[in-house]
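Asker: sequence unknown, structure follows:
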């Protein structure tokens, strides 16, 4: 079933960490397996890289993986140094999840591929504004684990996942980063019926997939269309015609938030829009979790694509 949510403040920053947590916790009943955030801060010249060196369940596997985790992290550091990447700040958020601030002016894709060539290592996001956080558990658990209350920024998207056809792990959790483009992320509710056909086509074109979740296809598809010269709205409009199935998805970039629904409009989406704030969610209860007063909401129509700027 899954739940998705998004919000964007126009012209100002707010505590989007707390706001997105409230929205996702209100959608907990739609997906108790994992929770994910794509949070957009004020940005700067440096890159923020979020990556993991293991899955949460690896720690409970009964095997002594602690030395392996350390070796993977040391290898990441060595390869960044080899690529002449300057690590200006680093934070170990959990035993397996890290946040680095980087200065780098080389080939970003080449650097990413070099790091992800390390077994067990996955870059969750790279961006000047984007920070992508996802883990097992509901929003309250993940928010506390990653200290997201008080995260200041302009916009965010999030997801609560009910696993159906793929595993319960961080790799299969949303959001997905649109590799290799910094600051582009996607969340999705629905099912794509032409997933494997599109995946094989995109893989032949050189794109990488980290999971078997059909939702990742949307992120890779958007990345491909941007690479082909489309702007975000054009890529999303094309997706409505080229991706088969029932879906509603949200895309965020460094300065915008987009929404797309398939032509059957089978997956729910509720929208609130004012001069200062846009909020979207699978259910109205999520939007009302951040508004203490009465508001008017509406449902976008079938096949609709909309993009808002921060």
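Answerer: Here it is on my side, so go on. Predicted, not measured: the structure shown is a model, and the values here were computed from it. Numbers count the residues shown, from 1 in each chain.
Asker: Kindly provide the whole-number mean pLDDT of stretch 209-225.
Answerer: Here the mean pLDDT over stretch 209-225 is 89, rounded to a whole number.
Asker: Revised request: answer the last question for stretch 57-72.
Answerer: Averaged across stretch 57-72, pLDDT comes to 81.
Asker: buried residues in that stretch?
Answerer: Taking 16 or more other C-beta atoms under 10 Å as the basis for neighbour counts, the residues of stretch 57-72 that come out buried are 58, 65, 69, 72. Bear in mind the C-beta positions are built from the backbone N, C-alpha and C, glycine included.
Asker: which stretches of the chain aren't confidently modelled?
Answerer: Residues of the chain meeting the criterion pLDDT under 70: 61-63, 163-168.
Asker: ok, which stretches of it are helices?
Answerer: According to DSSP state H, the chain carries its helices in the segments 16-26, 66-82, 108-116, 139-146, 195-204, 214-227, 232-242, 284-288.
Asker: For residue 95, find the nearest of those helices.
Answerer: With distances scored as C-beta to C-beta, the stretch of these nearest to residue 95 is helix 66-82 (6.2 Å).
Asker: Counting by contacts, list what the closest one packs against.
Answerer: strand 97-103, helix 108-116 (3 or more C-beta pairs under 8 Å, 6 or more residues apart in numbering; DSSP states H and E).
Asker: who touches it?
Answerer: 51, 53-54, 58, 87, 95-96, 98, 100, 102, 111, 114-115, 118-121 (C-beta atoms under 8 Å, 6 or more residues apart in numbering).
Asker: For the buried ones among these, write the corresponding ChimeraX selection.
Answerer: Buried members of these, identified by 16+ other C-beta under 10 Å, are gathered into one ChimeraX selection as follows:
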select :51,53,54,58,95,96,98,100,102,111,114,115,118,120,121
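Asker: thinking again about what came up before, dump the helices of the chain to JSON lines, plus distance to residue 309.
Answerer: Compiled in JSON lines, the helices of the chain are given as follows (distance: least, C-beta to C-beta, whole Å):
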{"stretch": "helix 16-26", "distance to residue 309": "16"}
{"stretch": "helix 66-82", "distance to residue 309": "33"}
{"stretch": "helix 108-116", "distance to residue 309": "24"}
{"stretch": "helix 139-146", "distance to residue 309": "26"}
{"stretch": "helix 195-204", "distance to residue 309": "28"}
{"stretch": "helix 214-227", "distance to residue 309": "17"}
{"stretch": "helix 232-242", "distance to residue 309": "10"}
{"stretch": "helix 284-288", "distance to residue 309": "20"}
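Asker: now for the ones you listed, which one comes closest to residue 162?
Answerer: For the helices of the chain, the distance to residue 162 is smallest for helix 214-227, at 12.1 Å, taking C-beta to C-beta.
Asker: Run the chain-centre distance for the closest one.
Answerer: Relative to the chain's own centre, helix 214-227 is displaced by 12 Å; criterion: C-alpha atoms, centre = their mean, to the nearest Å.
Asker: Show me what counts as buried in that helix.
Answerer: By neighbour count with 16+ other C-beta under 10 Å, helix 214-227 contains the buried residues 214-226.
Asker: helices or strands next to it in the packing?
Answerer: Taking 3+ C-beta pairs under 8 Å, 6+ apart as the contact definition, the neighbouring helices and strands of helix 214-227 are strand 176-177, strand 185-192, helix 195-204, helix 232-242, strand 245-252.
Asker: Which stretch among the ones you listed is buried most, on average?
Answerer: With neighbours defined as mean count of other C-beta atoms under 10 Å, those peak in mean count at strand 176-177, which reaches a mean of 29.
Asker: Show me what that strand is packed against.
Answerer: In this structure, strand 176-177 packs against strand 122-127, strand 185-192, helix 214-227, with contacts taken as 3+ C-beta pairs under 8 Å, 6+ apart.
Asker: Got the phi and psi for the residue most central in space within the chain?
Answerer: Centroid-nearest residue in the chain: residue 175, 2.6 Å away (criterion: C-alpha atoms, centre = their mean). Torsion angles at residue 175 (phi, psi; degrees, to the nearest 10) stand at phi -70, psi 170.
Asker: Identify the residues contacting it.
Answerer: 36, 37, 38, 132, 134, 157, 158, 159, 185, 186, 187, 219.
Asker: picking that back up, same list, the helices and strands packed on helix 214-227, but as CSV with distance to residue 82 please.
Answerer: Written out in CSV, the entries for the helices and strands packed on helix 214-227 read as follows (distance: least, C-beta to C-beta, whole Å):
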stretch, distance to residue 82
strand 176-177, 23
strand 185-192, 28
helix 195-204, 27
helix 232-242, 34
strand 245-252, 32
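Asker: Out of those, which is closest to residue 29?
Answerer: Of all the helices and strands packed on helix 214-227, strand 185-192 sits nearest to residue 29, with 13.7 Å by C-beta to C-beta.
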